[in-house]
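Engineer: The sequence and its predicted three-dimensional model are supplied below.
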Amino acid sequence: MYRQLMRLQQLSRRTITSSARRQIDNTVKDKQKLFQEDDGIPIHLKGGSKDAVLYRTTMALTVFGSGYVVYELFSAAMPKKPQ
């Protein structure tokens, strides 16, 4: 039992330390060029369509939330008359 455990430990150590790592391309320079060029686009929209959708969703939720707060404040300021 002890020998089998030692073999398993040795095998796992060997496969972890000798496994090849995936090469990941460094895209930092490309992103820096994209975000630093002066093309008239705001920085929060330079990421592409994903950023545009996120921006529009955030703006819609902000406008809706502000309108709802104003409605609730108005309804709290004008209580209903008892009948």
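Structural biologist: Perfect, thanks for sending it.

Engineer: Out of all residues in the protein, which is the farthest from the middle?
Structural biologist: Taking C-alpha atoms, centre = their mean, the residue of the chain most remote from its mean C-alpha position is residue 83, at 52.0 Å.

Engineer: what pLDDT does that residue get?
Structural biologist: pLDDT, residue 83: 75.

Engineer: in this structure, what spans have low per-residue confidence?
Structural biologist: 11-21 (pLDDT under 70).

Engineer: which helix is the longest one in it?
Structural biologist: helix 49-77 (DSSP state H).

Engineer: and that one, how far out from the chain's middle?
Structural biologist: 20 Å (C-alpha atoms, centre = their mean, to the nearest Å).

Engineer: Check stretch 29-41 too.
Structural biologist: When distances are taken as C-alpha atoms, centre = their mean, stretch 29-41 is centred 20 Å away from the chain's centroid.
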